[in-house]
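Undergrad: Structural data only, the sequence is not supplied:
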Ligand SMILES: Nc1ncnc2c1ncn2[C@@H]1O[C@H](COP(=O)(O)OP(=O)(O)O)[C@@H](O)[C@H]1O
């Protein structure tokens, strides 16, 4: 089964992603912050990473740098409440950049497309 | 990098606003500087800081103010040091900030000095005023690799202000300097006056004896005898023999030297009497000497009377000139000043010319033009004015008021003068000659004098006139022309001499007023930058708030709306639940839409494309790196194809790409080598090649160089090429690489030509 690692610090929101993405047929694990994500990715490399970026610590971006440094084959979807990071070069390396919304259609679509593209390679 | 900036935000805002307050509260550089340094310390760590300014027309620089936070003391404040090899030299050359990572390994000449003094790394930031580098602010640290480019954004905001103040201070110093020179001139005028007084006193006894009026009076002040001079001196028609002195003079003054002499004491009693005769004031000095008769009785008084009008006039002139000089000095308003100058030249009690014309030099246009003129426009007007001569000297204010009232700005003479313009190369014009030679020109016979053109002769209409230059710092800023067409009084050497003294003062006053005007302009500019700073600070704050709010609201909305959608999807049995879920979903998406509309102020700017000649951009960039290349023993070859069509691009962004590629190329040539920058046309693209003779890349490396964070360097970040690629992409261009391991690499930027 396709393994997705979601990095999200808000408990309820994390639950939402777990429910919704599991319903799509993925196996979902949750990391609460960047450090946890790095450890988890090392132990059990996921097929895709959904990453929240938080302004104050920017730890999402740091985590991304680290995870990519270890294994830059893992596709990354950035899912954030900030639209301003779209122009930050750090995020260009992400495969998709999604501004958070209650409507998860866009997020799901992006995940699906990326995974299909990877499979085709 | 981004992280540090974010952390800095609150402190930085406070520092910026503190600096603003400091700047507006003082104009003393040292005060400001000390406070600014204290503010900077809150957000930046350093051990020493100084401001360096190049000395005009000299290859030295001066450390304007230095602040030492420990015992390091390498360069003393105010002591010139050679510009060559200094950070300032490099900054002046490139206009860019510079970081010296380690003074131990950096080959720069002054670095050895710093290294010895315990300073290991340095940061120099340019101080620019309207794009021109006027100096630099230099930070030092005792640790190597202490400074980094993350400090640039902060300095970028503070340095324009610092630059402006520094410039202002320099300007102030300039004003002080000319004030000093002014004072010297003023003292010279005073000296001349004193000498004149002494000279006159000596001459009086020799020359004036001939013109002295003598008379002998008895105790009742009847005139017993008088010499032939007396009626002339006293302004009488005939000898006042046997007349009572009081009747002749119709004295009203309480003090009478004759009466004093009769009272008995030995000595001389003197008075000065003012007579008005034919509308002119005359000054008579009467000296009474008591004479004893044979019995030793005090029976008679000898009175000596001299006409001292000339002497008095001269003394009066000089003291008035001094007063005027003072007034000139106090007036910084240029129009008022010019009026004052012309008034002084024509005031009856000052220089006493009938008319005065002022011409000013316009350096930009290369011309001398008529600025203003005062004086009666006709003989009748002149006669009318001179009739009105009072017994008393008018005060300076009255004088000025009088002239202002008498000389409307649209007087025919003034209008005629303002129409005159002579190019500075037309040396046959006497006014131009006066500017060029910086010497006064006295014309006695305008009709035959070869220096006077017909045009100027007809303009003035007088036979005799004088031109005096207004000289400052070895250059003439203008000319005063003066003449006496109505009184026809000859222009003597004395007149010219006085006018010259006065012109020196006037010129300095004009220069001061002009400096002051430009200072006002500077202050205005300073105010504007401050405002701009306030605005950008507000924007940053707004951006932060709106981004923060968007984030804080969006997150719970996602959870609320997301679960509502989950409920909706389960198709609940109960209609109420389904409706409630639908309403939540709708309202949440409405709120999300509103959030999407909140403008993101903190977003970086879109590329700003302008029409650019690529070769100029390459030249600029190479110029920036020349020092850096030289230090590393790298030879630069520039090979630009001429006549390339212009392209549309964001110069700052493309410059950044070029710098990234050059930096990589340099880093691949550890042992030195050759860097070639070449521009050519390739079909619809302009191609720029950056080639090095470095180590080249293995195929596995080449495959990954555009992957974020990929680097083979210990201190690399692996983002340089990713950023470059993204920028070139944004320009619809291409970035190509070719490399041979062990031989070198070539990176090519292709930018589309847009007609
Ligand atoms: N001119 C060059 N010669 C050799 N290798 C290069 C050159 N330019 C780039 N590289 C390689 O590409 C890598 C990535 O470069 P870059 O993205 O600029 O990051 P960084 O310079 O920080 O490592 C470098 O580490 C280096 O291995």
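TA: Thanks, I have the structure now. Keep in mind that this is a model prediction, so the values were computed, not measured. Numbering: from 1, shown residues only, chains lettered A, B, ... in the order given.
Undergrad: Every contact and neighbour count from this point should use C-alpha atoms.
TA: Noted.
Undergrad: Double-check residue B:441 against residue B:468; I have them as touching.
TA: Yes: between residue B:441 and residue B:468 there is a contact at 6.6 Å, judged by CA atoms under 8 Å.
Undergrad: Have a look at the two and say which one is more surrounded.
TA: The residue with more neighbours, out of residue B:441 and residue B:468, is residue B:468; 28 against 19, by other CA atoms under 10 Å in any protein chain shown.
Undergrad: does the more buried one sit in a helix, a strand or a coil?
TA: Following DSSP: H, G, I helix; E, B strand; the rest coil, the label given to residue B:468 is strand.
Undergrad: any shared contact partners between residue B:441 and residue B:468?
TA: residue B:434 (CA atoms under 8 Å, 6 or more residues apart in numbering or on different chains).
Undergrad: Look through chain A and tell me its longest helix.
TA: helix A:105-120 (DSSP state H).
Undergrad: can you tell me if that helix touches chain B.
TA: No: shown here: helix A:105-120 not in contact with chain B (CA under 8 Å from any CA of the partner chain), separated by at least 10.4 Å.
Undergrad: what does that helix rub up against?
TA: Identification of contacts with helix A:105-120 by CA under 8 Å, 6+ apart yields A:21, A:47-48, A:75, A:77, A:79, A:95-96, A:98.
Undergrad: Next: stretch B:356-367.
TA: B:342, B:345-346, B:368-375, B:417, B:421-425, B:431, B:476-483.
Undergrad: max-length helix in chain B?
TA: helix B:493-569.
Undergrad: so how far is it from its chain's centroid?
TA: When C-alpha coordinates are averaged (CA atoms, centre = their mean, to the nearest Å), helix B:493-569 and its chain have centres 20 Å apart.
Undergrad: roughly how far apart are residue A:14 and residue A:25?
TA: 16 Å (CA to CA, to the nearest Å).
Undergrad: out of these two, which sits in the more crowded spot?
TA: Ranked by neighbour count (other CA under 10 Å), residue A:14 and residue A:25 place residue A:14 first, with 19 against 11.
Undergrad: Report the mean confidence score over whichever strand or helix holds the more buried one.
TA: Using DSSP states H and E, residue A:14 sits within helix A:11-23. The average pLDDT within helix A:11-23 is 91.
Undergrad: Might you report the residue contacts of the residue positioned nearest the centre of chain A?
TA: Geometric centre of chain A, nearest residue: residue A:50, 1.0 Å, by CA atoms, centre = their mean. Residue A:50 makes contact with A:4-7, A:76-79, according to CA under 8 Å, 6+ apart.
Undergrad: so residue B:628 is in which element?
TA: helix B:614-631.
Undergrad: List the contacts of the residue of chain B found nearest chain A.
TA: The minimum distance from chain B to chain A, using CA to the nearest CA, falls at residue B:558 (3.9 Å). The contact partners of residue B:558, taken as CA under 8 Å, 6+ apart, are A:13, A:100-103.
Undergrad: same thing with residue B:218?
TA: Neighbouring residues of residue B:218 by CA under 8 Å, 6+ apart: B:224, B:299-301.
Undergrad: so what pLDDT did it get?
TA: pLDDT at residue B:218 comes out at 83.
Undergrad: Quick check: residues of chain B near the ligand?
TA: In this structure, chain B approaches the ligand at residues B:664-665, B:668, B:695-697, B:705, B:710-713, B:716-722, B:745, judged by CA under 6 Å from any ligand atom.
Undergrad: Would you mind listing which of those are buried?
TA: Buried by 16 or more other CA atoms under 10 Å in any protein chain shown: B:664-665, B:668, B:695-697, B:705, B:710-711, B:718-722, B:745, out of the residues of chain B next to the ligand.
Undergrad: just checking, residue A:73 is part of a helix?
TA: No: looking at residue A:73 with three-state DSSP, it is coil, so not inside a helix.
Undergrad: could you pull out the helices for the stretch 651-755 of chain B?
TA: When assigned using DSSP state H, counting those that start in this stretch, the helices of the stretch 651-755 of chain B occupy the ranges B:651-667, B:699-704, B:720-730.
Undergrad: Make JSON lines out of those and add mean pLDDT and distance to residue B:98.
TA: Shown next, in JSON lines, are the helices of the stretch 651-755 of chain B (pLDDT from 0 to 100; distance: least, CA to CA, whole Å):
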{"stretch": "helix B:651-667", "mean pLDDT": "88", "distance to residue B:98": "14"}
{"stretch": "helix B:699-704", "mean pLDDT": "88", "distance to residue B:98": "31"}
{"stretch": "helix B:720-730", "mean pLDDT": "82", "distance to residue B:98": "19"}
